[in-house]
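Colleague: Model the structure of this input:
(one chain, ligands or ions: 1)
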Amino acid sequence: MKLIFATNNLHKVEEIKAVINDSFQVIALKEAGIDMDIPEPHETLEANASEKSRTIYHLTKTGCFSEDTGLEVAALNGEPGVKSARYAGEGRSFDRNIEKLLQKLQDKPDKSARFRTVISLIIEGRETLFEGVCPGRIIDEKRGTRGFGYDPVFIPDGSDKTFGEMSLEEKTKYSHRTKATEKLVAFLNSLEPINKF
Ligand code: ITT
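Modeller: Numbering: from 1, shown residues only. Coordinates of the predicted model:
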């Protein structure tokens, strides 16, 4: 089955392909010849994920999925959450987002946080959502240069390394994105054969 992944974030593509392997053919927007930055105007990850997959489904009428991910920090009442990409402003700078986060958390003893991913899949006009959560904590300064976004300051429960210090394979073991993608794959595998091709 061929599925368009409605994203422009190549890190996400790499991480999701590592979980999906060769079971399904996943094509990012660029590979599908679509040059579009889909707006994410909503207040929830679910609504933004739906917006992205619905936009591409209506355009292509091809099976597609998208995902929206947020870092939810307990001491900040779930911030940056749905605003994770633009936390420090429209520039979408990973470094400035991290700086703002660390500054806001400076005096807070509770550093617990979680990444939450919501995938929206649309096949033959029917939408299904899948969620993946990775609990962990934020550290006071950046460690590691791998991954993207908030990875250098996030340590998942069960590890002493940040995502920024992990290889793709290691991050995949813990990641919110892996958990949501595994649910997506299980769902796709459960579809009647007639829907698969
Ligand atoms: P799309 O094209 O898929 O929308 P995006 O980069 O805009 O790509 P999001 O709207 O989901 O993606 O942005 C969420 C932000 O949260 C992203 O820019 C990162 O800063 C951060 N983020 C998401 N997943 C992450 C991960 O696995 N590790 C670290 N930070 C992550």
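Colleague: only C-alpha atoms for contact and neighbour calcs from this point on.
Modeller: Noted.
Colleague: Enumerate the residues of the chain near the ligand.
Modeller: 7-9, 67-70, 84-85, 94, 148-151 (Cα under 6 Å from any ligand atom).
Colleague: So which of these belong to strands?
Modeller: Using DSSP state E, the members of those that fall within strands are 67-70.
Colleague: on that earlier part again, got the residues of the chain next to the ligand as CSV, with pLDDT columns?
Modeller: As requested, the residues of the chain next to the ligand are arranged in CSV below (pLDDT from 0 to 100):
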residue, pLDDT
T7, 96
N8, 93
N9, 94
E67, 98
D68, 98
T69, 98
G70, 98
S84, 97
A85, 95
F94, 96
F148, 97
G149, 98
Y150, 98
D151, 98
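Colleague: Export these to TSV and append columns for neighbour count.
Modeller: Listed next are the residues of the chain next to the ligand as TSV, based on neighbours: other Cα atoms under 10 Å:
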residue	neighbour count
T7	23
N8	16
N9	12
E67	27
D68	25
T69	26
G70	23
S84	22
A85	21
F94	17
F148	14
G149	20
Y150	22
D151	23
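Colleague: Just the helices from this structure, written as ranges.
Modeller: Assigned helices in the chain, in chain order: 10-20, 45-60, 94-105, 168-174, 176-190, 193-196 (criterion: DSSP state H).
Colleague: Please identify the most buried of the ones you listed.
Modeller: helix 45-60 (a mean of 20; mean count of other Cα atoms under 10 Å).
Colleague: And that helix, how far out from the chain middle?
Modeller: How far helix 45-60 lies from its chain's middle: 14 Å, per Cα atoms, centre = their mean, to the nearest Å.
Colleague: what pLDDT, on average, does that helix get?
Modeller: For helix 45-60, mean pLDDT is 97.
Colleague: Please report the distance of the residue most central in space within the chain from N9.
Modeller: Residue closest to the mean C-alpha point of the chain, counted by Cα atoms, centre = their mean, is T69 at 3.9 Å. Using Cα to Cα, to the nearest Å, T69 is found at 12 Å from N9.
Colleague: residues contacting the closest residue to V13 other than its chain neighbours?
Modeller: Spatial nearest neighbour of V13, excluding adjacent residues (Cα to Cα, 6 or more residues apart in numbering): A28 at 6.9 Å. Taking Cα atoms under 8 Å, 6 or more residues apart in numbering, we find A28 in contact with 4-8, 13.
Colleague: how about CSV for these, with distance to D107 added?
Modeller: As requested, the contacts of A28 are exported to CSV (distance: Cα to Cα, whole Å):
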residue, distance to D107
I4, 43
F5, 39
A6, 38
T7, 36
N8, 35
V13, 36
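Colleague: which stretches of the protein have low pLDDT?
Modeller: 192-197 (pLDDT under 70).
Colleague: Give me the neighbour count for M166.
Modeller: Number of residues near M166 (other Cα atoms under 10 Å) recorded here: 17.
Colleague: Setting the sequence-adjacent residues aside, check what's closest to it.
Modeller: Closest to M166 by Cα to Cα, 6+ apart is R146, at 6.7 Å.
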